[in-house]
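A.B. asks: Here is a sequence together with a model predicted from it:
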Amino acid sequence: MTGKRSNRPTTCDVPSVDIRSAGIRQNAVGAHVTCQGAQCDISITWTAPHFGGQRSWWKCPVCNERCAIVYFGTAVACRTCLGLAYATNRTTKASKPFARARNLRDRLQWPGGIISGNGTRPKGMHMATYAKRMSEMLQHLRGVMAFSVVSARRIQAKLKKMGID
């Protein structure tokens with residue numbers, strides 16, 4: 001479920017390359033990047049974090065600002081230059097419990113949606129962590145059920161106005 005705030009595309013709608021998973025070697029100054037058939041040479045800049053080491057960044061070909069992810073939209077650019085919104089900015093208050101329950105199911109490595117029932121504790125997960133995740137799941141399911149009850153009442157009221165029982 002997504003909200004109705006904007007028709008502009010989100011970061012999930014456009015192919016992208018994250019520099020953290022691009023396999024950039026130390027002190028490189030540029031990279032040839034291929035993403036779903038599109039190719040581009042992108043400059044790289046480096047910063048020194050306060051905890052030591054070096055951090056690589058793409059240099060946006062449009063605005064020359066540093067960014068961790070470049071997107072292959074109408075041009076190869078950063079999220080800001082392409083006017084992309086984060087998908088989470090599109091969620092409505094009512095859809096958040098659904099999304100949180102779905103994300104929690106993914107973390108627990110359970111199949112399907114919330115209607116599929118509960119899976120088992122993932123191998124290697126501590127019992128205390130599993131109990132915490134189960135408690136979070138229960139909280140999110142209560143939110144889902146509360147939304148479902150409100151929605152059902154609204155639909156029932158509309159049907160009653162239309163003379164349908």
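C.D. replies: Thanks, I have the structure now.
A.B. asks: Grab the longest helix from the chain for me.
C.D. replies: Longest helix of the chain, by residue count under DSSP state H: helix 127-161.
A.B. asks: In that one, which residues are buried?
C.D. replies: When burial is assessed from 16 or more other C-beta atoms under 10 Å, helix 127-161 yields the following buried residues: Arg133, Glu136, Met137, His140, Leu141, Gly143, Val144, Phe147. The way it works is simple: take the backbone N, C-alpha and C, and place the C-beta from them, glycine included.
A.B. asks: what's the closest non-adjacent residue to the first one?
C.D. replies: Nearest non-adjacent residue to Arg133, counting by C-beta to C-beta, 6 or more residues apart in numbering: Leu108, 5.7 Å away.
A.B. asks: what's the spacing between the one you found and Ser16?
C.D. replies: 27 Å (C-beta to C-beta, to the nearest Å).
A.B. asks: try Gly143
C.D. replies: 31 Å.
A.B. asks: same deal with Gln54?
C.D. replies: The value you get for Gln54 to Ser16, if C-beta to C-beta is used, is 22 Å.
A.B. asks: which one of those two has more residues nearby?
C.D. replies: Using other C-beta atoms under 10 Å, the more surrounded residue of Gln54 and Ser16 is Ser16, with 18 against 10.
A.B. asks: Since that was my last question, I'll sign off now.
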